[in-house]
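Student: when you get a sec, could you give me coordinates for this:
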Amino acid sequence: MYELFVLGELMTGEKHGYMLQDVLKNAVGTGRKISSGTLYPLLARMTENGWINLREEEETKGGRTKKIYEITRSGRERFQSLMAEPFDPPMDADTQNTLRFKMVYFQYVDKEVRLACLNQYLHLLEQNLKHVKQFEFHLQTFKPEPEKQRIQLLRVFEHRKLLGETEMEWIKQEIERVKRD
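Tutor: Next comes the predicted model:
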C-alpha cells in the first residue's frame, strides 16, 4: 500500500522524503501513523529496485542535505502494475486505504483500470454485506444468549449494514461517473 502511495505521489513530480511522509500522514488519517523507520527503508528498497532515483541537495538552513526522490520509467511500470493489481480479500482498513490511494491516482491509469478497481471493490463490499446479513439472520433465528449482548450485536450489524450500503451506493455512482467520462 505504501509503495503505491510513494509511486503515485512521485507521478505528480519529484518530492523530498519529509514531504512524502507529511502527505502520507495526512492521507492515512489519524488512526494510523507512518514513521521514518517505515518510510525511509521503503524508499531505500524502491531505489535499489530501480523504481525511484535519489538525488541529494544541500539545504541552506542548517547545512543538511535534502533527499529528493523522483520516479523512473521502471517505477512508472511498477505503478501501473500496482494500480491494476486486485485487492486482497477480506475487506479491511488496508483495503479501504488502498482504494483511496488508487482513486487519488486514477488520472494516471486507463479507464479500464479505474473501472476494474471500482467494480472489484464493489464486489468486496457486496460480499461483506452478505456476510453481515447472514450472521444477523443467525442471531435473529437462534437467539443465542446472553440476550443483551445479542441485541447489542444486532445494533452493531445494523450500523455495519448502513455503512456498507452507503459506501456501495457511492461506489456505484462513481462507476457510472467514470463510465461517462
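
Student: what comes up buried for the longest helix belonging to the chain?
Tutor: Secondary structure of the chain per DSSP state H: the longest helix is helix 147-180. Buried residues in helix 147-180, counting neighbours by 16 or more other CB atoms under 10 Å, are found at 157, 160, 164, 167-168, 171, 174-175, 178. C-beta here means a position set from N, CA and C on the backbone, and glycine is covered the same way.

Student: and if you look at stretch 43-50?
Tutor: In stretch 43-50, residues buried by neighbour count (16+ other CB under 10 Å) are 43, 46-47.

Student: same thing with stretch 107-124?
Tutor: Residues 109, 113-114, 117-118, 120-122, 124 are the ones in stretch 107-124 that count as buried (16+ other CB under 10 Å).

Student: re earlier: which of the buried residues of helix 147-180 sits closest to residue 70?
Tutor: Among the buried residues of helix 147-180, residue 178 lies closest to residue 70 (CB to CB), at 28.8 Å.

Student: my guess is the closest one contacts residue 116. True?
Tutor: No. Assessed by CB atoms under 8 Å, residue 178 is found out of contact with residue 116, at 10.4 Å.

Student: ok, back up a step: restricted to helices, list the buried residues of stretch 43-50.
Tutor: Using DSSP H, those in helices are 43, 46-47.

Student: could you redo those residues as CSV and give each row distance to residue 98 and pLDDT?
Tutor: Below are these laid out as CSV (distance: CB to CB, whole Å; pLDDT from 0 to 100):
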residue, distance to residue 98, pLDDT
43, 19, 96
46, 17, 98
47, 23, 98
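
Student: closest one of those to residue 89?
Tutor: Of those, the one sitting nearest to residue 89 (CB to CB) turns out to be residue 46, at 26.2 Å.
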